[in-house]
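[1] Just a sequence and a predicted model for now, questions to come.
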Amino acid sequence: MYSVLKNYINSRIQISETDLNLISEYFLPIKVKKKQFLLREGEICKHLWFVSKGCLRMFKEDRKGHEHILLFAFEEYWVGDRESVVSDKPSDYHVEAIEDSELLQISKEKLNDLYQQIPSFREMHIALQQRSFNKLQERMQKTLSFSAEEKYADIMNHQPEILHRVPLSMVASYLGISRETLSRIRANQLKR
């Protein structure tokens with residue numbers, strides 16, 4: 001599990017093997033089964049998770065019980081409610097494994113200590129948060145302005161792993177369209 005994290009970090013910053021090994025000591029390896037929750041709405045998120053293997057989703061349920069998926073986390077993705085971690089306030093989201101997954105877990109306290117020990121790791125993490133924020137803004141803009149067909153084309157072009165690894169009902173939720181609309185779009189794609 002640690003080799004995925006080390007490769008991820010090595011590809012983003014200049015770092016010594018000693019510091020990489022120190023970083024690894026801050027993470028706890030965990031395995032989660034498909035459909036297992038790491039976080040439920042209303043709980044305070046105490047950890048962030050780095051995905052070594054598998055797939056998770058972060059989502060919210062509305063008052064009618066409909067799920068709205070904010071993101072999918074595949075290998076080399078981070079997942080967790082950062083706002084809840086930082087503020088110690090209850091989360092508005094659920095985090096659930098879609099596949100059996102292997103994760104590296106780090107607590108807020110250990111993450112802050114790691115930032116002090118290895119400033120380049122902190123800088124990498126800040127850059128990651130900025131990139132995540134930018135991607136979320138881009139996704140919101142597409143959700144508000146793209147047609148259902150454009151949303152599907154965009155995911156085919158930029159996030160095809162979602163279509164190969166995630167159930168269609170979850171893909172529809174992520175795109176903000178009904179399962180029926182997604183089925184129609186896919187059928188039209190096959191006719192072309």
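    Ah, there it is. Model, not experiment: these values are computed from the prediction.

[2] Check the spacing between Leu144 and Leu104 real quick.
    34 Å (C-beta to C-beta, to the nearest Å). In short, each C-beta sits where N, CA and C put it, glycine included.

[3] quick one, which of these two is more surrounded?
    A count of neighbours by other C-beta atoms under 10 Å puts Leu104 above the other of Leu144 and Leu104, at 22 against 8.

[4] Correct me if wrong: that one contacts Pro29.
    Yes - counting by C-beta atoms under 8 Å, Leu104 touches Pro29, with 5.8 Å between them.

[5] Between these two, which contacts overlap?
    Shared contacts of Leu104 and Pro29, defined by C-beta atoms under 8 Å, 6 or more residues apart in numbering, comprise Met1, Tyr2, Ser52.

[6] Among these, name the least confidently predicted one.
    Going through those one by one, the lowest pLDDT turns up at Met1, 72.

[7] Pull up the gap between that residue and Phe146, please.
    37 Å.

[8] Who are the packing partners of the strand or helix carrying Ser132?
    According to DSSP states H and E, Ser132 maps onto helix 119-145. The contact analysis (3 or more C-beta pairs under 8 Å, 6 or more residues apart in numbering; DSSP states H and E) places helix 119-145 against helix 17-25, helix 108-117, helix 148-158.

[9] how about that helix: buried residues?
    The neighbour-count criterion (16 or more other C-beta atoms under 10 Å) identifies Phe121, Met124, His125, Arg139, Lys142 as the buried residues of helix 119-145.

[10] what's the answer for stretch 18-32, then?
    Asp19, Leu20, Ile23, Ser24, Tyr26, Phe27, Val32.

[11] ok so, going back, make TSV out of the helices and strands packed on helix 119-145 and add mean pLDDT and distance to Leu56.
    Output for the helices and strands packed on helix 119-145, formatted as TSV (pLDDT from 0 to 100; distance: least, C-beta to C-beta, whole Å):
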stretch	mean pLDDT	distance to Leu56
helix 17-25	92	21
helix 108-117	94	18
helix 148-158	94	18
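
[12] just so I know, which of those helices lies nearest Leu38?
    Leu38 lies closest to helix 108-117 among the helices and strands packed on helix 119-145, at 14.7 Å (C-beta to C-beta).

[13] If we go by neighbour counts, what in the closest one is buried?
    Buried, per 16+ other C-beta under 10 Å, within helix 108-117: Lys108, Lys110, Leu111, Leu114.

[14] These into a markdown table, with extra columns for distance to Glu96?
    As requested, the buried residues of helix 108-117 are arranged in a markdown table below (distance: C-beta to C-beta, whole Å):
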| residue | distance to Glu96 |
| --- | --- |
| Lys108 | 21 |
| Lys110 | 23 |
| Leu111 | 22 |
| Leu114 | 26 |
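
[15] Out of the residues you listed, the closest to Ile13 would be?
    Closest to Ile13, out of all of the buried residues of helix 108-117 and judged by C-beta to C-beta, is Leu114, at 13.1 Å.
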